[in-house]
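Undergrad: Predicted model and sequence below, questions to follow.
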Amino acid sequence: MAMGYNVAPAVDRTWNGGKFPGGFGVTNLLAPDYWTLRARSNELFTSNLYARGLIRRLVTNEINTGLWPEASPDETTLGLEEGTLDDWSEDVESRFLLWAKTPTACDFKKASTFNKIQALVRREALIAGDCLVVLQQDPTTKRPSVMIVKGENVRNPVGLDLNAERIIKNGVEMDTAGRHIAFWIVQLDGKSKRIPATGGRSGRRVAWLVYGSDHRVDTVRGMPLLGLVLQSLKELDRYRDAAQRAAVVNSMLAMFIKKGEDKPGTRPIANSALSKTVAEIDDGAANGPRSLEFTAGMPGVVLQELQQGEEPVAFQSNVDVDLQKFEETIISAIAWANEIPPDILKLAFSSNYSASMAALNEFKIYLNMFRTDFGEQFNAPIYQDWMISEALLDKIGRSTEILNAWRDKANFENFTAWLLAEWSGAIKPSTDIVKQAKGYAQMVEQGFITRARATREVTGQKFSRNMRKLKRENELFVEAMAPVTTAPGNDPNSTTNNALSTLGENVILLTDKIDELEA
């Protein structure tokens, strides 16, 4: 016997995200007011301790002492044997470090080293949403110097006639394909100046925007990081001030005398008062302004023989001062929106080892992503222009090959192979370095990771450089111990000499091992 089911007829309905008609509410088509957002963001960074703490915590963890390149040219693409460019990489890194540590060479204002410039760029981009980076060729050093332009100074010029092929949006000049071809900045005299994105003849990078937060496709300018939480941070600061004022008022106004009958007051505190203050208040009464007397009394005052109808009443404000829970809720939401573990944002570490390591590892994922993005967005174009300048001056090896690869636009991969570098910064220290070291040692032993990568992840240093320094240190140690082990009258079989002899042999074996690794 066939069974039948009653099926309700299908109804066509356009789905717009709401669970039911009107459930989502009004849809707002947002058009960012960049000028107001930047002004408010700057105000909060200047006057709001939560906003300043958020920005500084990010810059400190992201940039710290600066991101530095680990040159890793692709030898396979360049048709070279593996290891051929190891010495070249060391030389390039050393020369870039010398340029970066010289303010008169790397900074247009001759004031900051490259690591300070990185922190400045990141801070400005976070507060204003973006900032403009301009490379100027220093006529003395013949190398690039970095100039930073605040985001609010990149604005549309006034009274400029444009043809149909060029569009200017919020100070950025674009072609019909949406490519940035120039930037307009407002100078101190109020006039606008056009800065091209690339050099007309050389094609070298001249200016570009560095963004502080996420931006959508075809979005020209960046949104301030604080833009999403402006109101939350403002109200949190207000609540903190209100709770603080309530606590102060409660401590200052100990009590007042409540009169239930119209009789002359006894003023029981007046005789023990330390000071008196009289204030007049005009509340619009028919009898004119009233005089109120404020009395500061000594601790432990006892009130005796109050007038009939008088009653001492303790003063208490009605402000809810349970700030901690409210503050934690808001800060946790802000931390979550910005991919920061709340413990790191608040600098309050009270979790167990496993929870702390989970938070630290989660934050490391964010830091690795950020440093890759910031390295490609800000550092890499500067590194590229510096490399071209060094090659033109013939200051680095294989300059001719680098310049030929740069000029051959059709085979762009060759020039990119020379420029490959990993940008790394300070490493978050482990809460238990012994456990971490054992774990990495086992991974190296099993071939899960290389010594070079383990050294970079654990200490932020370079394995090959460490090996060279250790080799020299071991040689110096053996030389320093030689007088002790060979001194006249020393018993060669003594415990001390045996230990020193064994240590010296181990140092020699380690030195030989380093030689094998380098070979």
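TA: It's in.
Undergrad: low pLDDT regions in the stretch 201-350 of the chain?
TA: 249-288, 290-310, 314-322 (pLDDT under 70).
Undergrad: Apply 90 and report the result again.
TA: Confidence mapping of the stretch 201-350 of the chain against pLDDT under 90 gives the ranges 201-203, 213-219, 227-233, 235-350.
Undergrad: As a check, name the ranges of all helices in it.
TA: Using DSSP state H, counting those that start in this stretch, the helices of the stretch 201-350 of the chain run over residues 230-252, 323-337, 342-346.
Undergrad: Make a markdown table out of those helices and add mean neighbour count.
TA: (Glycine included, C-beta is placed from N, CA and C.) What follows is the helices of the stretch 201-350 of the chain, written out as a markdown table (neighbours: other Cβ atoms under 10 Å):
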| stretch | mean neighbour count |
| --- | --- |
| helix 230-252 | 15 |
| helix 323-337 | 14 |
| helix 342-346 | 18 |
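Undergrad: Among these, which comes closest to Gln442?
TA: With distances scored as Cβ to Cβ, the stretch of these nearest to Gln442 is helix 342-346 (27.6 Å).
Undergrad: what's next to the closest one, contact-wise?
TA: Contacts made with helix 342-346 from outside it, assessed by Cβ atoms under 8 Å, 6 or more residues apart in numbering, are listed as 53-54, 57, 61, 328, 331-332, 334-336, 338, 349-351, 356, 359-360, 363.
Undergrad: Please repeat the previous calculation with a cut-off of 6 Å.
TA: Applying Cβ atoms under 6 Å, 6 or more residues apart in numbering, the set of residues contacting helix 342-346 from outside is Arg57, Ser332, Ala335, Phe349, Ala359, Phe363.
Undergrad: what sits against the second one?
TA: Residues touching Ser332, when contacts are defined by Cβ under 6 Å, 6+ apart, comprise Pro342.
Undergrad: what's the answer for the fourth one, then?
TA: Phe349 is in contact with Asp343, counting by Cβ under 6 Å, 6+ apart.
Undergrad: hang on, the earlier thing: save the helices of the stretch 201-350 of the chain as CSV, and put in distance to Glu457 too.
TA: Written out in CSV, the entries for the helices of the stretch 201-350 of the chain read as follows (distance: least, Cβ to Cβ, whole Å):
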stretch, distance to Glu457
helix 230-252, 34
helix 323-337, 24
helix 342-346, 18
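Undergrad: The ones you listed: which one's closest to Val154?
TA: Shortest distance between Val154 and those, using Cβ to Cβ, is found for helix 230-252: 21.2 Å.
Undergrad: tell me which strands and helices the closest one is in contact with?
TA: Counting by 3 or more Cβ pairs under 6 Å, 6 or more residues apart in numbering; DSSP states H and E, the packing neighbours recorded for helix 230-252 are helix 49-62, helix 323-337.
Undergrad: what's the angle between that helix and helix 323-337?
TA: Relative orientation of helix 230-252 and helix 323-337, computed by axes from the mean of the first three to the mean of the last three Cα atoms, to 10 degrees: 160 degrees.
Undergrad: now helix 230-252 and helix 49-62, what's the angle there?
TA: For the pair helix 230-252 and helix 49-62, the angle between their directions (the same axes, to 10 degrees) equals 120 degrees.
Undergrad: Of the helices and strands packed on helix 230-252, give the one that comes closest to Glu479.
TA: Ranked by Cβ to Cβ, the member of the helices and strands packed on helix 230-252 that lies closest to Glu479 is helix 49-62, at 41.7 Å.
Undergrad: I'd like the next helix or strand past that closest one.
TA: Using DSSP states H and E, the helix or strand that directly follows helix 49-62 along the chain is strand 68-71.
Undergrad: How many residues are close by Asp130?
TA: Other residues lying near Asp130 total 28 when counted by other Cβ atoms under 10 Å.
Undergrad: now do Glu311
TA: Here the count is done by other Cβ under 10 Å, and Glu311 has 10 residues near it.
Undergrad: Run through the bridge partners of it.
TA: Beta-bridge pairing of Glu311 under DSSP bridges involves Lys258.
Undergrad: rewinding a little: between the helices and strands packed on helix 230-252, which one is nearest to Gly17?
TA: Counting by Cβ to Cβ, Gly17 lies closest to helix 323-337 out of those; the figure is 20.9 Å.
Undergrad: returning to what we had before: figure out which of the helices of the stretch 201-350 of the chain is closest to Ala31.
TA: Proximity of the helices of the stretch 201-350 of the chain to Ala31 was assessed by Cβ to Cβ; the nearest stretch is helix 230-252, lying at 16.4 Å.
Undergrad: so where do the strands sit in this protein?
TA: Assigned strands in the chain, in chain order: 68-71, 130-137, 144-150, 167-169, 172-174, 180-186, 192-196, 207-211, 255-259, 273-281, 290-297, 310-314, 421-424 (criterion: DSSP state E).
Undergrad: now what about the first one, what contacts it?
TA: With Cβ under 6 Å, 6+ apart as the contact definition, strand 68-71 has outside contacts at Ser89, Val92, Glu93, Tyr383, Ala421, Glu422, Trp423.
Undergrad: Name every strand pairing with that strand and say which way it goes.
TA: The pairing partners recorded for strand 68-71 under DSSP bridges are strand 421-424 (antiparallel).
Undergrad: Please work out the average pLDDT along the partner strand.
TA: Averaged across strand 421-424, pLDDT comes to 88.
Undergrad: And stretch 436-444, by the same measure?
TA: Averaged across stretch 436-444, pLDDT comes to 86.
Undergrad: Give me the distance between stretch 175-192 and the centre of its chain.
TA: Relative to its parent chain, stretch 175-192 has a centroid offset of 27 Å by Cα atoms, centre = their mean, to the nearest Å.
Undergrad: What residues of it count as buried?
TA: His180, Ala182, Phe183, Trp184, Ile185, Val186, Ser192 (16 or more other Cβ atoms under 10 Å).
Undergrad: hmm, which two among the residues you listed are most spread apart?
TA: His180 and Val186 (17.8 Å).
Undergrad: that older thread, any idea which of the contacts of helix 342-346 is closest to Phe415?
TA: For these, the closest approach to Phe415 (Cβ to Cβ) belongs to Phe363, at 35.0 Å.
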